[in-house]
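Peer 1: model this:
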Amino acid sequence: MIGAGDEPNEVEPEQKEYAKVQVEIPEKPSECRYHLGYLSERTGKEQIPDDCMMCKDIVECMLRKMKA
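Peer 2: Model (predicted):
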């Protein structure tokens with residue numbers, strides 16, 4: 001029991017350290033079969049190729065038609 005003058009012990013939250021994992025993303029797929037702007041030209045029903053999913057230029061490729 002806590003009586004008058006007794007203060008509850010302050011408990012500091014535990015700080016957890018997480019290992020930093022470095023993930024390497026290739027700048028451009030070595031065997032890219034498409035051109036910059038390909039994703040903006042395809043229909044919405046077509047699936048995005050796996051090569052494109054790993055490309056650093058995917059956003060620029062998707063928005064290429066909008067910029068022109």
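Peer 1: and the longest helix anywhere in the chain, what does it pack onto?
Peer 2: Assignment by DSSP state H gives helix 58-67 as the longest helix of the chain. Other helices and strands packing on helix 58-67, by 3 or more C-beta pairs under 8 Å, 6 or more residues apart in numbering; DSSP states H and E, are helix 38-41. Just so you know, the C-beta spots here come from the backbone N, C-alpha and C atoms, and that holds for glycine as well.
Peer 1: Now tell me what touches the helix it packs on from outside.
Peer 2: Ile48, Cys52, Ile58, Cys61, Met62, Leu63, Arg64, Lys65, Met66 (C-beta atoms under 8 Å, 6 or more residues apart in numbering).
Peer 1: moving C-terminal of it, what's the next helix or strand?
Peer 2: Next helix or strand after helix 38-41 toward the C-terminus (DSSP states H and E): helix 50-53.
Peer 1: What mean pLDDT does that following helix get?
Peer 2: Mean pLDDT, computed over helix 50-53, is 88.
Peer 1: quick one: low-confidence parts of this structure?
Peer 2: Where the chain drops to pLDDT under 70, the residues are 1-13, 21-32, 67-68.
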